[in-house]
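> Model the structure of this input:
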Amino acid sequence: MESGPEAFAGVAFALFGAGLLVWTGVCARTGSPVADGVSRPVAAVTALLSGVAFLATGCWLLMAL
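So this is what the prediction gives:
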């Protein structure tokens, strides 16, 4: 019964992290800004680190089932 919310959170975190990594990669490859008003390297590194953290958290939650 308790694994339902954990599975939902794990899938949500993993999908958001993967989406953030894909979006950052597409923006970096096409040369478009990752975030408005922030220098390109700082925005790209911050988005990549956040994407990896969200993806890792989602995988950790899904493995704990």
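> how about the longest helix out of those in the chain: buried residues?
In the chain, assigned by DSSP state H, the helix with the most residues is helix 3-30. For helix 3-30, the buried set under the neighbour-count rule, 16 or more other C-beta atoms under 10 Å, comprises 10, 13, 14, 16, 17, 20, 21, 24, 27, 28. Just so you know, the C-beta spots here come from the backbone N, C-alpha and C atoms, and that holds for glycine as well.
> in terms of contact count, name the helices or strands touching that helix.
helix 40-63 (3 or more C-beta pairs under 8 Å, 6 or more residues apart in numbering; DSSP states H and E).
> excluding its backbone neighbours, what's nearest residue 7?
residue 65 (6.1 Å; C-beta to C-beta, 6 or more residues apart in numbering).
> residues in contact with the one you found?
Neighbour list for residue 65: 3, 6, 7, 10 [criterion: C-beta atoms under 8 Å, 6 or more residues apart in numbering].
> Can you give me the distance of the first one to residue 16?
In this structure, residue 3 and residue 16 are separated by 20 Å, where distance is defined by C-beta to C-beta, to the nearest Å.
> Over to the third one?
Distance, residue 7 to residue 16, using C-beta to C-beta: 15 Å.
> Centre of the chain to stretch 21-34, how far?
Distance, stretch centre to chain centre, for stretch 21-34: 13 Å (C-alpha atoms, centre = their mean, to the nearest Å).
> Give me the contact list for that stretch.
Defining contact as C-beta under 8 Å, 6+ apart, one finds that stretch 21-34 is touched by 40, 43, 44, 47, 48, 51, 52, 55.
> Can you tell me which of those residues are buried?
43, 44, 47, 48, 51, 55.
> Just put those residues in CSV and tack on distance to residue 35.
Compiled in CSV, the buried ones among the contacts of stretch 21-34 are given as follows (distance: C-beta to C-beta, whole Å):
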residue, distance to residue 35
43, 4
44, 9
47, 7
48, 12
51, 13
55, 19
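> And the residue most central in space within the chain, how close does it get to residue 47?
Geometric centre of the chain, nearest residue: residue 17, 1.9 Å, by C-alpha atoms, centre = their mean. Between residue 17 and residue 47 the computed distance is 11 Å (C-beta to C-beta).
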